[in-house]
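Trainee: here is the input, now give the coordinates:
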Amino acid sequence: KKRRRESKEEKELVSDSNVEEASPEKDTKHKKKEKKSVDPPENTRNDKKASKESGTDDRERRRLEKKEERLSRRREKEELLQKVPKVDENGIAYTKLQIKRMLKRVKQGLDPVPTEDEE
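Mentor: This is a model prediction of the structure:
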């Protein structure tokens, strides 16, 4: 299938015929609409500002709650770490994995070092 190239004259004729055939309703479509400049009442502007401020207050409140929660978790972990020994009876340091396991045991209320019966 080959496309036929239209000459500029044919394009102009087609576009002119479209304009002539257009109804008066379609002609109004091209006219620019005049915008009415009506300012909203002051109280609605204040309401919008208040809603934005309440949104930021809500975000700020949630941010502070998260921060406080993180701090409380950190404090709890530090308290538990104080209960866990860092070295065994021979003076050898426990590994991070062992310390983590002991923290879990302390959280459950058990002794940090498992007894021979538990192992």
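
Trainee: longest helix in the protein, by number of residues?
Mentor: Using DSSP state H, we find that the single longest helix of the chain is helix 42-83.

Trainee: what's the mean pLDDT across it?
Mentor: Average pLDDT, helix 42-83: 83.

Trainee: and the very next helix or strand once past it, what does it pack against?
Mentor: Using DSSP states H and E, the next helix or strand after helix 42-83 towards the C-terminus is helix 96-107. For helix 96-107, the packing partners by 3 or more C-beta pairs under 8 Å, 6 or more residues apart in numbering; DSSP states H and E come out as helix 42-83. From N, CA and C alone the C-beta is placed, and that goes for glycine too.

Trainee: tally of neighbours for Lys77?
Mentor: 12 (other C-beta atoms under 10 Å).

Trainee: ok, the one 10 residues further on next?
Mentor: A count of nearby residues for Val87, using other C-beta under 10 Å, gives 9.

Trainee: adjust the sequence numbering to begin at 56 for everything that follows.
Mentor: Sounds good: first residue 56 from here, last item Val142.

Trainee: which residues touch it?
Mentor: 148-149 (C-beta atoms under 8 Å, 6 or more residues apart in numbering).
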